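>>> coords below, sequence missing:
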């Protein structure tokens, strides 16, 4: 065997080891193939939400109920709810919740979560809305013992009250309607 043949054989052997090593590395990584997208959805809500409760400080709670796939506002007044507005509420559950932290040891007042000024519950699973992070334009939300930082578009609807769920309603909150600690 010549020197060139030995060098080629050695080089081919090293390349084979490199390819095998990369294949093993890729095959054994835990996050390959798994979704990196996490949401606020909670399995305890179930496949079909039956009740939504909206709490905004200074207002009577708004309760929506699902009756045979038709949503109704049942409190404080009773009327059929706009299906598009109800669907919009459910977008909260699909928001990307990649940033999350345990609340243990955190000063919740720093996040606007020391008081329940604005919240929504789906089948008893409560999401409490806190301050807006002005750097990231994301809102702090607490669910159970976890603090999330997410993009969200439902706080305006929650703050608008029961009338925003009427089929003919065009009511969306103005800055004057928002509680002082929820204003951006």
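Nice, thanks for sending it over. If you're wondering where the values come from, they're calculated on a predicted model, not measured in any experiment. Numbers count the residues shown, from 1 in each chain.
>>> Could you measure from residue 168 over to residue 79?
10 Å (Cβ to Cβ, to the nearest Å). C-beta coordinates here come from the backbone N, C-alpha and C atoms, glycine included.
>>> Those two: which has the busier surroundings?
residue 79 (13 against 7; other Cβ atoms under 10 Å).
>>> Skipping adjacent residues, who's closest to that one in space?
Closest residue to residue 79 apart from its sequence neighbours, by Cβ to Cβ, 6 or more residues apart in numbering: residue 73 at 5.5 Å.
>>> Just to check, that neighbour is in contact with residue 62?
Yes. If you go by Cβ atoms under 8 Å, residue 73 and residue 62 touch, sitting 6.3 Å apart.
>>> joint contacts of the two?
Common contacts of residue 73 and residue 62 (Cβ atoms under 8 Å, 6 or more residues apart in numbering): 162, 165.
>>> Tell me which helix or strand the residue nearest to residue 79 sits in.
Residue 73 is located in strand 70-75, with elements delineated by DSSP states H and E.
>>> Identify all contacting residues around that strand.
60-65, 78-81, 83, 86, 162, 165.
>>> remind me, longest helix of this protein?
helix 3-28 (DSSP state H).
>>> Show me what the mean pLDDT comes to for the very next helix or strand once past it.
Going down the chain from helix 3-28, the next helix or strand is strand 51-56, by DSSP H and E. On average, the pLDDT along strand 51-56 is 97.
>>> Strand partners (parallel or antiparallel) of strand 51-56?
strand 62-67 (antiparallel), strand 118-122 (antiparallel) (DSSP bridges).
>>> Measure how far the last one is from the centre of its chain, please.
Centre-to-centre, strand 118-122 and its host chain are 12 Å apart (Cα atoms, centre = their mean, to the nearest Å).
>>> Report the next helix or strand after that strand in sequence order.
By DSSP H and E, the next helix or strand past strand 118-122 is strand 125-133.
>>> can you tell me which of the contacts of strand 70-75 lies nearest to residue 106?
Nearest to residue 106 out of the contacts of strand 70-75 is residue 61 (Cβ to Cβ; 26.9 Å).
>>> which ones are touching that closest one?
Contacts of residue 61 (Cβ under 8 Å, 6+ apart): 53-55, 75-76.
>>> swap in residue 9?
Here residue 9 is in contact with residue 1 (Cβ under 8 Å, 6+ apart).
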